[in-house]
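In: Would you be able to build a 3D model of this:
(2 chains)
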Number of protein chains: 2
Amino acid sequence: MDGMINDVAKHPSKTVPVAEEQRPLSDLLRLPAGPVDLSTLATDATLGFPGAGKADAAHVDTVLQPELDDLQERLFANGRATPEAAPRVLLVLQGMDTSGKGGVIRHAIGMVDPQGLAITSFKAPTKAELAHPFLWRIDRALPGPGMIGIFDRSHYEDVLVVRVHDLVPEDVWGARYDEINAWEEALVASGTTIVKCFLHVSHDKQKERLAERLADPTKYWKYNPGDVDERLRWPAYTEAYEAALERCSTQHAPWFVVPADRKWYRNWAVAQLLTEHLRGLGLSWPAADFDVEAEQKRVAAS
Amino acid sequence: MDGMINDVAKHPSKTVPVAEEQRPLSDLLRLPAGPVDLSTLATDATLGFPGAGKADAAHVDTVLQPELDDLQERLFANGRATPEAAPRVLLVLQGMDTSGKGGVIRHAIGMVDPQGLAITSFKAPTKAELAHPFLWRIDRALPGPGMIGIFDRSHYEDVLVVRVHDLVPEDVWGARYDEINAWEEALVASGTTIVKCFLHVSHDKQKERLAERLADPTKYWKYNPGDVDERLRWPAYTEAYEAALERCSTQHAPWFVVPADRKWYRNWAVAQLLTEHLRGLGLSWPAADFDVEAEQKRVAAS
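Out: Prediction:
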């Protein structure tokens, strides 16, 4: 990706048409404004992938991984050096069952130094959590300075599963879209970059993946009979997702729709989105807050 | 490592002498009982490394990483399926400044799915933490079922920096060795496997690494003038480490002394120790707690 951008930059006199592959992935996958109809958004596309497809995983190792590694370390270094000023990043992962939230963490986020990660997997809220406003437990899981927070499910469940299962009255969940937007806006204003990824998997692919789990004893633990019950509510979840995406894709925190039928693309795309957002922070290495030469002498004498 | 063990197993009729490389690394690096003199323990050895040295990092990718990945996923799966019965693993990393605790987490622990990790980096205790017994904050950071906890520094600091700097009276820190042993024994009895690694770096190598940080602006953030102050206390730290290693290397939670002058070896060794301990848990995949055939039919019909 980086290489391609550089190629264009190297030949400024040529009017190189910017191909789809050369635009930032963030532009390609950002949810367009307006009504959302998930059936019109591809689940099996490989939009923006710079390699030759699945076989080109080498691209990930040689281009993406080193850049992500460098950018994450800069972020972490700033968190250590100037915690009061360092940015924070929050990656929100949402998607139907089997869309691959766990797979993305394992394979894409797994490329990042684990010291710089704060991963939270949100389950059904506890009684104690339910006694608080829905954003209370979310606030407590926010990443610190220089950290990348990863939410495996998030506050969006409070307008998804909660809506589909009528867990609170409609006027309560109905008010949450605006609450979420206000909360995210404040979070961004305080120095957190939010990257919200909806992993978009097809109804057929979900069936295939559930069947795979039942065909392989090493995957039984990933299966829950409740998964089929939820699958039968696919239309209701689709409606809830469409509302959440439409109402909460904002200027400060847009939604990205990641085609998730192909695991290798889904993993690459999330890593690439994260990389582009880190790149956008324009982070330099922290300056020394000590006299380098004097310290060099002290070390030499020690 | 695995490959070698298999090779031996495949030819049971031959009396293959078990070379150093074929013994578990846990045996090779376990601190022997008796008085500890760190000056007699190598910092630059490559004991047990099955490849041809640094160039053989391919061994890590093709043998160690896949096994570690499989074992960690089994542990995690058991934590999900039967949290009340699933084991927990706690890796404790200690060592002088620049011994590479952070490097080990980045490169060795970085091979593990980050969802299965609970990393805690212990800093100087806060006022609130100091108001509690020293093990209080440690208890709060213990890994949950199926998780691998990583301690970057640990309760051992309470008999290391605390002893060197006289932060509490001698009778207080002096009582802590027994307290630690009793606490660790109870932890092991409750189902946690403890793997304690002392990253053993030489005095010269530390100097070299501090100088490197001062020679590279992208590493300034890792340097603190206090590092040289601590370096000047090397003999006192050595004495404190020798006492901690000697008094707290127990049957239930032995210390492993990892030669840490060569980064590639140090990283491999910690990953290998973790792998061997996970292997020792003999974990199988959780059985299905549902009727597989009935669920297959439900999925097919959905």
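
In: rest of the way, CA atoms for contacts and neighbours
Out: Noted.

In: for chain B, what are the nearby residues on the stretch 51-200 of chain A?
Out: A:77, A:80-81, A:102, A:105-107, A:109-115, A:119 (C-alpha under 8 Å from any C-alpha of the partner chain).

In: hmm, try it at 10 Å
Out: By the rule C-alpha under 10 Å from any C-alpha of the partner chain, the part of the stretch 51-200 of chain A lying against chain B is A:73-74, A:76-82, A:102-103, A:105-121, A:150, A:152.

In: Show me which of the residues you listed are buried.
Out: A:73-74, A:76-81, A:102-103, A:105-120, A:150, A:152 (16 or more other C-alpha atoms under 10 Å in any protein chain shown).

In: can you give me the helices in chain A?
Out: A:2-10, A:25-29, A:57-59, A:65-81, A:101-107, A:127-130, A:136-139, A:161-164, A:170-189, A:203-215, A:226-231, A:234-248, A:263-280, A:292-301 (DSSP state H).

In: Let me have these in CSV, extended by mean pLDDT.
Out: Shown next, in CSV, are the helices of chain A (pLDDT from 0 to 100):
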stretch, mean pLDDT
helix A:2-10, 35
helix A:25-29, 97
helix A:57-59, 75
helix A:65-81, 97
helix A:101-107, 97
helix A:127-130, 96
helix A:136-139, 98
helix A:161-164, 98
helix A:170-189, 98
helix A:203-215, 98
helix A:226-231, 97
helix A:234-248, 98
helix A:263-280, 96
helix A:292-301, 98
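
In: Verify the stated contact: A:Arg163 with A:Glu170.
Out: Yes: using C-alpha atoms under 10 Å, A:Arg163 is in contact with A:Glu170, at 7.4 Å.

In: quick one: which of those two has more around it?
Out: When neighbours are counted by other C-alpha atoms under 10 Å in any protein chain shown, A:Arg163 comes out ahead of the other of A:Arg163 and A:Glu170, with 20 against 13.

In: quick one: contacts for that one?
Out: A:157, A:169-170, A:172-174, A:236-237, A:239-240 (C-alpha atoms under 10 Å, 6 or more residues apart in numbering or on different chains).

In: cool, and A:Ala236?
Out: Taking C-alpha under 10 Å, 6+ apart, one finds A:160-161, A:163-165, A:230, A:242 in contact with A:Ala236.

In: And those residues, which is closest to chain B?
Out: A:Glu230 (10.5 Å; C-alpha to the nearest C-alpha).

In: mind listing what the closest one touches?
Out: With C-alpha under 10 Å, 6+ apart, A:Glu230 has these contacts: A:96-97, A:161, A:164-165, A:236-237.

In: farthest pair in these?
Out: A:Asp97 and A:His165 (15.6 Å; C-alpha to C-alpha).

In: Looking at these two, which is more packed in?
Out: A:Asp97 (17 against 12).

In: What separation is there between that one and chain B?
Out: 13 Å (C-alpha to the nearest C-alpha, to the nearest Å).

In: Kindly report the same for A:Arg153.
Out: 13 Å.

In: phi, psi of that residue?
Out: Main-chain dihedrals, A:Arg153, degrees, to the nearest 10: phi 70, psi 170.

In: okay, the contacts of A:Glu230 in CSV with distance to A:Ser302 next?
Out: What follows is the contacts of A:Glu230, written out as CSV (distance: C-alpha to C-alpha, whole Å):
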residue, distance to A:Ser302
A:Met96, 59
A:Asp97, 58
A:Val161, 61
A:Val164, 66
A:His165, 67
A:Ala236, 68
A:Tyr237, 65
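
In: which one of those sits closest to B:Pro66?
Out: Nearest member of the contacts of A:Glu230 to B:Pro66, counting by C-alpha to C-alpha, is A:Asp97, at 26.0 Å.

In: my guess is the closest one meets A:Gln206, correct?
Out: Yes: with contact defined as C-alpha under 10 Å, A:Asp97 counts as touching A:Gln206 (7.3 Å).

In: what touches both of those two?
Out: What both A:Asp97 and A:Gln206 touch, as defined by C-alpha under 10 Å, 6+ apart, is the set A:Arg231.

In: Pull the residues that contact stretch A:70-84.
Out: By C-alpha under 10 Å, 6+ apart, stretch A:70-84 touches A:65-68, A:85-89, A:112-113, A:115-117, A:144-148, A:274-289, B:218-222.

In: hmm, 6 Å instead?
Out: A:86, A:145-146, A:285-286 (C-alpha atoms under 6 Å, 6 or more residues apart in numbering or on different chains).

In: buried stuff in stretch A:237-255?
Out: Neighbour-count burial for stretch A:237-255 [16+ other C-alpha under 10 Å]: A:237-249, A:252-255.

In: got the contact list for A:Val270?
Out: No contacts exist for A:Val270 under C-alpha under 6 Å, 6+ apart.

In: Spit out the contact partners of the residue nearest the centre of chain A.
Out: The residue lying closest to the centre of chain A (C-alpha atoms, centre = their mean) is A:Leu91, at 3.7 Å. Contact analysis of A:Leu91 by C-alpha under 6 Å, 6+ apart lists A:150, A:195-196.

In: Can you lay out those residues as TSV showing pLDDT?
Out: Output for these, formatted as TSV (pLDDT from 0 to 100):
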residue	pLDDT
A:Ile150	98
A:Val195	98
A:Lys196	98
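
In: A:Glu295: which of the contacts of A:Ala236 is nearest?
Out: Of the contacts of A:Ala236, the one sitting nearest to A:Glu295 (C-alpha to C-alpha) turns out to be A:Leu160, at 55.8 Å.

In: any idea how far the closest residue to that closest one other than its chain neighbours lies from B:Leu278?
Out: Of all residues not flanking A:Leu160 in the chain, A:Ala240 sits nearest, at 5.5 Å (C-alpha to C-alpha, 6 or more residues apart in numbering or on different chains). Distance, A:Ala240 to B:Leu278, using C-alpha to C-alpha, to the nearest Å: 42 Å.

In: same check, this time on A:Cys197
Out: If you go by C-alpha to C-alpha, the gap between A:Cys197 and B:Leu278 works out to 34 Å.
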